[in-house]
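*Asks:* this one's structure only:
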């Protein structure tokens, strides 16, 4: 009996695990539709930047390095060194500015899709009138829409400010649920940030829930991922999650390029005047002008870049640095988790809102939120969130930041400490409120229960 040989599938000599699917990346096609003429007007600041770079390249690379040092002075070593160093800085600066414009800040998926058709029709019918009114004259969009639509937007804004939205959906339990966030292997809700009153962050203009650290830009009329600020120098776009790396690189390269330009040209102008009789009259004017502009832009933009380096090391955006820290879901539960569920104090603390706190208590809560940043993972990890894991790509004008721009790693230690600090502040506010009302707690139905302590048992609603 001959054995039957079965055909086995061929096995590859090398096998690799399949790569994880990359999250859908934002594109500029999701931004607000603009007229062609407005795109040209908005692109003019970027044209001005590249014109300055072209003038600096002419003054240093062509006039100084090529014509003077290499062809006239025969200083090949110095001319070549200047040429290579300056070319790299020029490439990094121009490439970073272009990528910051081309990439865009990153629009929240689905933001504004329900009104995109209306905006496209409006751009086609009205042309540039509305866009230029906002970009040049500072006019708002309310004057360009029908009165009924403007009234609806005002109502939506009022409802959003008053917190008249659906409350955030949180897991059951209070203290036990959020204690699990202190472990690295645990998961957290997709959206951790909430409004100050504990309701979900929802943008009624874009008709979508707001991811963590996302904000609505009134100029772009879209919600931007991890929005930092709106920058008209980048073609009228925003700085956000997708292009923050290139924005930082453009600032740093501009500072380094400007200071290098000033140092090289002033140094060579000094030697030019000493080596030539009547050097002041014969000194190249482009050298002096480029050196002066380089020093001005180098110090100004470089100082701005150092400030953003500080924010990047703290994993903080400009909006988060200038405004009060956004509330997180743990703060919505903190007021009810520090007291027993059956106590009268628990019922009172559930009704407390930030407006019920005193000025000192709100200030202490803000200070705790600033000091205990839930996104601060340390300088090295914070920079990885912007530039990626490959350190040799940190200075290159290409690549994408890690993640999807909607959820971010959190510092569980700071989160736990912030929760405990919040519980303590709300417990103090509830005790003060209890004493000021003569031992009466307000229940959710509006009735009161007087003279009851935590040991009296459950409080019944009237």
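*Replies:* All right, it came through fine. In this text the structure is predicted, and so the values were computed from the model without any measurement. Numbers count the residues shown, from 1 in each chain.
*Asks:* How about residues contacting stretch 85-101?
*Replies:* 46, 49-50, 53, 56-57, 60-61, 65, 234-235, 237, 239, 243, 246-247, 249-250, 253-254, 256-257, 260-261, 264, 395, 397-398 (Cβ atoms under 8 Å, 6 or more residues apart in numbering). For the C-beta atoms, the positions are set from N, CA and C on the backbone; glycine is no exception.
*Asks:* Can I have the buried ones of the residues you listed as a ChimeraX selection?
*Replies:* Buried subset of the contacts of stretch 85-101, written as a ChimeraX selection, criterion 16 or more other Cβ atoms under 10 Å:
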select :46,49,53,56,57,60,61,65,234,235,237,239,243,246,247,249,250,253,254,256,257,260,261,264,397
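*Asks:* Go through the contacts of stretch 85-101 and flag which are in strands.
*Replies:* Members of the contacts of stretch 85-101 lying in strands (criterion: DSSP state E): 237, 239.
*Asks:* Name the residues of the one helix or strand residue 433 maps to that are buried.
*Replies:* For residue 433, the element it lies in under DSSP states H and E is helix 412-436. For helix 412-436, a neighbour-count test (16+ other Cβ under 10 Å) marks 412, 414-419, 421-423, 425-427, 429-430, 433-434 as buried.
*Asks:* which helices and strands does it pack with?
*Replies:* helix 175-179, helix 329-337, helix 344-351, helix 359-371 (3 or more Cβ pairs under 8 Å, 6 or more residues apart in numbering; DSSP states H and E).
*Asks:* try 6 Å
*Replies:* helix 329-337, helix 344-351, helix 359-371 (3 or more Cβ pairs under 6 Å, 6 or more residues apart in numbering; DSSP states H and E).
*Asks:* Let me know the angle separating that helix from helix 359-371.
*Replies:* 170 degrees (axes from the mean of the first three to the mean of the last three Cα atoms, to 10 degrees).
*Asks:* where are the low-confidence patches of the protein?
*Replies:* Scanning the chain for pLDDT under 70 picks out 1-24, 27-30, 112, 114-190, 196-198, 278-280, 324-326, 329-355, 434-462.
*Asks:* May I ask you to name the longest helix in it?
*Replies:* Counting by DSSP state H, the longest helix found in the chain is helix 244-275.
*Asks:* what's that helix packed up against?
*Replies:* Against helix 244-275 (3+ Cβ pairs under 6 Å, 6+ apart) you get helix 76-103, helix 285-313, helix 379-387.
*Asks:* deepest of those helices, which one?
*Replies:* helix 76-103 (a mean of 18; mean count of other Cβ atoms under 10 Å).
*Asks:* gap between residue 84 and residue 77?
*Replies:* Distance from residue 84 to residue 77, counting by Cβ to Cβ, to the nearest Å: 11 Å.
*Asks:* Tell me, how many residues neighbour residue 69?
*Replies:* 21 (other Cβ atoms under 10 Å).
*Asks:* Likewise for the one 3 residues further on?
*Replies:* Residue 72 is surrounded by 10 other residues when neighbours are defined as other Cβ under 10 Å.
*Asks:* Kindly report the same for residue 191.
*Replies:* Residue 191: 20 neighbours (other Cβ under 10 Å).
*Asks:* what helix or strand is it on?
*Replies:* Per DSSP H and E, there is no helix or strand for residue 191.
*Asks:* Any figure for the gap between the residue nearest to it when sequence neighbours are not counted and residue 235?
*Replies:* Excluding its sequence neighbours, the residue lying closest to residue 191 (Cβ to Cβ, 6 or more residues apart in numbering) is residue 212, at 5.8 Å. For residue 212, the distance to residue 235 equals 26 Å [Cβ to Cβ].
*Asks:* returning to what we had before: can you give me the angle the longest helix of the chain makes with helix 285-313?
*Replies:* 150 degrees.
*Asks:* Start at 143, not 1
*Replies:* In the new numbering, first residue 143, that becomes helix 386-417.
*Asks:* tilt between helix 386-417 and helix 521-529?
*Replies:* Using the same axes, to 10 degrees: helix 386-417 against helix 521-529 is 100 degrees.
*Asks:* tilt between helix 386-417 and helix 218-245?
*Replies:* Going by the same axes, to 10 degrees, helix 386-417 makes 150 degrees with helix 218-245.
*Asks:* Just confirm residue 167 is within a helix.
*Replies:* No - according to DSSP: H, G, I helix; E, B strand; the rest coil, residue 167 belongs to no helix; its state is coil.
*Asks:* So the residue nearest to residue 333: helix, strand or coil?
*Replies:* coil.
*Asks:* Burial check on it, number of neighbours?
*Replies:* So residue 354, with other Cβ under 10 Å, has 22 neighbours.
*Asks:* Using CSV, please lay out the helices and strands packed on helix 386-417 together with distance to residue 502.
*Replies:* Below are the helices and strands packed on helix 386-417 laid out as CSV (distance: least, Cβ to Cβ, whole Å):
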stretch, distance to residue 502
helix 218-245, 42
helix 427-455, 28
helix 521-529, 31
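*Asks:* Perfect, that will be all.
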